[in-house]
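Novice: With the input below, show me the fold.
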Amino acid sequence: MVTPKHTPPRAASCAAVDAYIESAIEPARSRLKTLRDVIRSEAPEATERISYGLATWHQGENLIHLGAFQRHVGVYPGADAIVAFAPLLTGYKTSRGAIRLPHEAPLPVELVRDITRWRVAHIVQSPRAPDASILAQSYATPHFHNLGAAMNNTSVDSYLQEGCGRCEHFQKPTCKVHLWTSALKVLRELVLASGLTEEMKWGSPCYTLGGKNVVMIVSFRESCGLSFFKGAALQDDAGLLESAGPNSRFARFLKFRSLADVEAVRPRIAQLLEQAIALEKSGTKVDAKPAAEPVPEELERRLDADPALKRAFDALTPGRRRSHILHVSGAKQSETRSRRAERCVEEILAGRGFNERDR
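Specialist: As a prediction, the model looks like this:
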């Protein structure tokens, strides 16, 4: 189990998870409480403790950790979970065993729920976590499927008939895959016609070229579609592609909510697939820079009121400017955004990003 190298200053002195959560400042405290309820509901046999200075759930081994930070909540489910859920984590900063959930973004409750279920199933399957080389084989075992929390990596036909295997809806009519069966079949037909190799990865149909991932078929409660691994580099004159998340640099989604939606853009899907294949064949590396966020009105007013502050802000590196923009714009109320803008002043004049001293 991989654990984080850096922990919040107060965590080491916390004697219990209750104390740890209460010691966190908002919005981390509320977010930790929500995620704690999710983990408790999906891992009722796990015991709570403080381990490595973090809120920890233990069930034969460390199941998952939660950590409170000033700009994000850290979720630490282990390296295997990061690999298994990679297609769903493209919008978040991750490391070998950690996921950062930024405070300014919606809390992905269902994603954490799925990860917790997967971890519980993983531990029940084997008291000691298998290494990455046998992980894919473990997903496909009948025992694992019956647990209802592991990916269905058997075949695309099984995926369409039984579901993805990510939750207790596996092999049931309520599985989200069955909401989009007709559309998914047409998408499969279109991708296969492009000549890509069909595989199953992470519980979803994945299409590769020379062993390199090009596109995946995905299904969610609200939509289905295609996820292009290097979608940011594709020419999309029609504006059909959507970013996978606020921090996603490369992946782009092409979403559909009906078979009619798919049929309406069949030629465009074929063109995007052709582009994606050509891009992979060329070996081109994607250099997608995140779009600059607009400066919130409250911060703009504060900068305009002080020319020296405006010059100092303009002199910051793009990343430091972005940190202040994200901090201010993360508040819902204008009054709160104004207070946050005021708190940024000292850091801006010192040439620092927001809370840079704590990084």
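
Novice: Now the residue positioned nearest the centre of the chain. Nearest residue, chain neighbours left out?
Specialist: Central residue of the chain (CA atoms, centre = their mean): Leu89, 2.6 Å from the mean position. Nearest residue to Leu89, sequence neighbours excluded (CB to CB, 6 or more residues apart in numbering): Ile99, at 6.2 Å. (Glycine included, C-beta is placed from N, CA and C.)

Novice: got it, and Thr181?
Specialist: With sequence-adjacent residues excluded and distances taken as CB to CB, 6+ apart, Thr181 is closest to Leu160, at 6.3 Å.

Novice: what about the helix or strand encompassing the one you found, average pLDDT?
Specialist: Using DSSP states H and E, Leu160 sits within helix 156-162. If you average the pLDDT over helix 156-162, you get 91.

Novice: Name the residues that touch whichever helix or strand comes after it?
Specialist: Proceeding N to C from helix 156-162, the next assigned helix or strand is helix 181-193, under DSSP H and E. In this structure, residues lying in contact with helix 181-193 by CB atoms under 8 Å, 6 or more residues apart in numbering are 156, 160, 177, 198, 205, 207, 215, 217, 219, 224-226, 256, 258-259, 261-263, 266, 269-270, 273.

Novice: Can you mark which positions in helix 181-193 are buried?
Specialist: 183-184, 186-188, 190-191 (16 or more other CB atoms under 10 Å).

Novice: biggest separation within those residues, which pair?
Specialist: Maximum pairwise distance among these (CB to CB): 12.6 Å, between Ala183 and Val191.

Novice: residues in contact with the closest residue to Thr116 other than its chain neighbours?
Specialist: Residue nearest to Thr116 in three dimensions, not counting chain neighbours: Glu42, with 4.2 Å by CB to CB, 6+ apart. By CB under 8 Å, 6+ apart, Glu42 lies in contact with 113, 116-117, 120.

Novice: Check the spacing between the residue nearest to the centre of the chain and Cys164 real quick.
Specialist: Counting by CB to CB, to the nearest Å, the gap from Leu89 to Cys164 is 16 Å.

Novice: my read: Glu22 touches Ala28, true?
Specialist: No - between Glu22 and Ala28 there is no contact under CB atoms under 8 Å: 11.0 Å.

Novice: Confirm that Leu226 lies within a helix, as I assumed.
Specialist: No - secondary structure of Leu226 (DSSP: H, G, I helix; E, B strand; the rest coil): strand, not part of a helix.

Novice: can you pull up the bridge partners for it?
Specialist: Beta-bridge partners for Leu226, by DSSP bridges, are Ile217, Leu254.

Novice: Identify the residue nearest Pro87 in space, chain neighbours excluded?
Specialist: Nearest residue to Pro87 in three dimensions, chain neighbours excluded: Trp202, at 5.1 Å (CB to CB, 6+ apart).
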